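Peer 1: predicted model and sequence below, questions to follow.
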Amino acid sequence: MLINISDLKKDYQMGSFEVNALRDVNLQIGENEFVAIMGPSGSGKSTLMNILGCLDTPSEGMYLFDSVDITQLDDDELSIIRNKNIGFIFQSFNLLPRMSALQNVELPLMYAEVEKSSRQKQAIAALEKVGLGDRMHHKPTELSGGQRQRVSIARALVNNPGIILADEPTGALDSTSSGEIMQIFTQLHEEGNTILVITHERDIAACTKRILQLKDGMIISDTINKN
């Protein structure tokens, strides 16, 4: 099992108030699953994504990622897990504007201290996989929104991560570009990638194979999508 979560809780202190962002979450996700996480604003889906991505740690409970107990790791160890095993995709793309698409995709490999020749080959291959082989030297401002999101997908893929976490990946895109992005995710899933997508859009969730619904910090439904 790639992800195994038991009795997970996350609390935040906001002044004199305690916010229970996640409550008694139990969840298992296997390799090569394609999962949507849905819920209204404040339901806890972003908090859950941050914990799944090792950007935050739970207040209580167990989180095993590929059999590693995440709750026992320090910040440096969590950083290593993130860089080697998790690919992130964000609604706002998070690309560096002065770098080309190729240079943006190379960044995770630079942090992993991969040598330059190998780094460039891997980045080119990732961009070609998302259909941007002819745009790799363009900067983000020279690309459409859909193309920028493809660059961020290539960046997420370049380290061959164990899982891809996408937080509202189509939120800033029109319906045509959104459909193209979901087609890429579907292809990546068919090639064996594990993908989790946070979305509030039902048509986006409908493209996945499993849908989790969160409300008030709890998973209220977990259904297989018969698409």
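Peer 2: Thanks, I have it.
Peer 1: ok, which stretches of this structure are helices?
Peer 2: 45-52, 75-85, 101-111, 116-129, 145-157, 175-190, 202-205 (DSSP state H).
Peer 1: highest mean neighbour count out of those?
Peer 2: Each of these was scored by mean neighbour count; the highest is helix 145-157, a mean of 24, by mean count of other C-beta atoms under 10 Å. To be clear about C-beta, it is placed using only N, CA and C from the backbone, and glycine gets the same treatment.
Peer 1: so which elements touch that one?
Peer 2: Contact partners of helix 145-157 among helices and strands, from 3 or more C-beta pairs under 8 Å, 6 or more residues apart in numbering; DSSP states H and E: strand 86-90, helix 101-111, helix 116-129, strand 163-167, helix 175-190.
Peer 1: about what we covered before: distance to Leu214 for the helices of the chain - can I get that in TSV?
Peer 2: Shown next, in TSV, are those (distance: least, C-beta to C-beta, whole Å):
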stretch	distance to Leu214
helix 45-52	5
helix 75-85	22
helix 101-111	29
helix 116-129	31
helix 145-157	23
helix 175-190	20
helix 202-205	12
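Peer 1: dump these into TSV; add mean pLDDT as well.
Peer 2: Below are the helices of the chain laid out as TSV (pLDDT from 0 to 100):
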stretch	mean pLDDT
helix 45-52	93
helix 75-85	91
helix 101-111	93
helix 116-129	94
helix 145-157	95
helix 175-190	94
helix 202-205	93
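Peer 1: for Leu2, find the nearest of the ones you listed.
Peer 2: Of all the helices of the chain, helix 75-85 sits nearest to Leu2, with 9.5 Å by C-beta to C-beta.
Peer 1: now do the closest one against helix 101-111, angle only.
Peer 2: 130 degrees (axes from the mean of the first three to the mean of the last three C-alpha atoms, to 10 degrees).
Peer 1: returning to that earlier point: out of the helices of the chain, which gets nearest to Asn32?
Peer 2: The nearest among the helices of the chain, by C-beta to C-beta, is helix 175-190 at 7.0 Å.
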